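Asks: Got a predicted structure plus its sequence, pasted below:
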Amino acid sequence: MPLTLHLGADDLTRCRFAISPLCQTHEALRMLRRPARHGYHHAWLRRMGRTLEGLDLSPLWLFVPRPGGYTPDFLGPPPDEPYPTIDDELARMRATEPGLARAEMARSLSCTPGLAESPQARAALDDPAGTVRRLADLTELAWHALLAPDWPRHRAVLEADIAHRSRRAADGGLDALLTGLHPTVDWAGHTLTLRRYEDQAEAQRPDGRGVLLMPSVFVWPDVVSGFARPWQPTVIYPARGMGRLHTAPVPRPPQALARLLGHQRAALLTGLTTPASTTDLARRHTLAPSTVSAHLTALREAGLLDSRRQGYYVLYGRTALGDALVSTD
């Protein structure tokens, strides 16, 4: 049976997007435990293999069960704001009420027969406050090892997905937004239906707080929902462009565009399928950062790119005019 979320009038006016570094960290950890999710991330996994060898995450693995199991929601709860920082999210995780943490950990352990009776599990349940602190510390280590070096690229993909879906909503309303989330997500009669979803008994129903929509680089091929109270009902879905994040070769620019702009500028413009920094583009195109910077400045002044600051980075993305030029051969 599919999971159905019946949205009332208040829910419909309170649907929102968010990007959560903490949720992305735990989705990455879950992907490492679930081989079916590896298809788009072979290069990343090979690169992370050496990192993981020197990182003892066994206390976290205790609560990241195999497919079909439950991961405690407090490890990556739905954020209260659209773009929280990892530090703010870790602080929120560390402040988890011990009773809630113990209940969620016990539910997770029960997914694996006999695991709740293991010495490690009993110790975790006997001291939920201490376990929360240890898991938060390990999550912080996992964030810095697995995601932080690539986070500007990841966030650019997630932001591009939200921008695309926001335009769909502006053009076609909520129907266009919700029906395009994923092939297994249906929307009809104020009911959001997630097909092939297994966890029915614990799934939460919307109650006027709306539904939080979060794109993910790592959740493919699934859609994740069913956060229990007190967390907001949430749908985590695969982000557009996530398949090109680590594996895609640099596309060749159209010949006419190369003649117009020069090969290097045309290649930079064509390769900006998702926003990227000067450093990332220099590495991707094997050019000096100063050369890339000069080309980006020229392309921006011509109205083909725009830029925005993201933390320590400036990310460049194509404008509508830039998209139109790239699509014309």
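Replies: Perfect, I can see it now.
Asks: Might you list the low-confidence residue ranges for the stretch 1-150 of the chain?
Replies: 1-2, 34-43, 67-68 (pLDDT under 70).
Asks: Run through the helices of it in chain order.
Replies: 9-12, 21-33, 42-53, 58-61, 86-94, 98-109, 119-126, 128-142 (DSSP state H, counting those that start in this stretch).
Asks: Check the stretch 151-300 of the chain too.
Replies: 151-179, 255-261, 263-271, 278-285, 289-301.
Asks: Can you give me the neighbour number for A129?
Replies: Number of residues near A129 (other Cβ atoms under 10 Å) recorded here: 14. Quick note: C-beta positions are derived from backbone N, CA and C, even for glycine.
Asks: Who are the contact partners of it?
Replies: Neighbouring residues of A129 by Cβ atoms under 8 Å, 6 or more residues apart in numbering: 98, 101.
Asks: swap in A116?
Replies: Here A116 is in contact with 106, 109-110, 122, 125 (Cβ under 8 Å, 6+ apart).
Asks: Now with 10 Å, please.
Replies: Neighbouring residues of A116 by Cβ atoms under 10 Å, 6 or more residues apart in numbering: 105-110, 122, 124-125.
Asks: Next: C23.
Replies: Applying Cβ under 10 Å, 6+ apart, the residues contacting C23 are 75-79, 84, 89, 214, 216, 218-219, 224, 234, 236.
Asks: do G317 as well
Replies: 156, 159-160, 163, 272-276, 305-308, 323.
Asks: Separate out the buried members of those residues.
Replies: 156, 159-160, 272-276, 305 (16 or more other Cβ atoms under 10 Å).
Asks: Tabulate the helices of the stretch 151-300 of the chain in CSV, adding columns for distance to Y70 and mean pLDDT.
Replies: Listed next are these as CSV, based on distance: least, Cβ to Cβ, whole Å; pLDDT from 0 to 100:
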stretch, distance to Y70, mean pLDDT
helix 151-179, 24, 81
helix 255-261, 50, 88
helix 263-271, 40, 91
helix 278-285, 36, 81
helix 289-301, 45, 93
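Asks: Turn those into TSV, including distance to W44.
Replies: Below are the helices of the stretch 151-300 of the chain laid out as TSV (distance: least, Cβ to Cβ, whole Å):
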stretch	distance to W44
helix 151-179	10
helix 255-261	30
helix 263-271	19
helix 278-285	14
helix 289-301	23
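Asks: looking at these, which is buried most?
Replies: Highest mean neighbour count among those (mean count of other Cβ atoms under 10 Å): helix 263-271, with a mean of 21.
Asks: For L268, which of the helices of the stretch 1-150 of the chain is the nearest?
Replies: L268 lies closest to helix 42-53 among the helices of the stretch 1-150 of the chain, at 21.5 Å (Cβ to Cβ).
Asks: thinking again about what came up before, now for the helices of the stretch 151-300 of the chain, which one comes closest to L5?
Replies: Short answer: helix 151-179, nearest of the helices of the stretch 151-300 of the chain by Cβ to Cβ, at 10.2 Å.
Asks: between that closest one and helix 21-33, how many degrees?
Replies: Orientation note: helix 151-179 sits at an angle of 90 degrees relative to helix 21-33 (axes from the mean of the first three to the mean of the last three Cα atoms, to 10 degrees).
Asks: from now on call the first residue 39
Replies: Fine by me, first position is 39 from now on; the one you just mentioned is helix 189-217.
Asks: separation between R247 and G211?
Replies: Between R247 and G211 the computed distance is 21 Å (Cβ to Cβ, to the nearest Å).
Asks: How many neighbouring residues does P117 have?
Replies: Neighbours of P117 (other Cβ under 10 Å): 21.
Asks: Please give me every residue in contact with it.
Replies: 56-61, 126-127, 130, 250, 252, 270, 272.
Asks: Reformat the residues you listed into TSV and put distance to E91 next to each item.
Replies: What follows is those, written out as TSV (distance: Cβ to Cβ, whole Å):
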residue	distance to E91
A56	33
I57	29
S58	27
P59	24
L60	24
C61	25
D126	30
E127	27
R130	30
L250	35
M252	30
Q270	37
T272	33
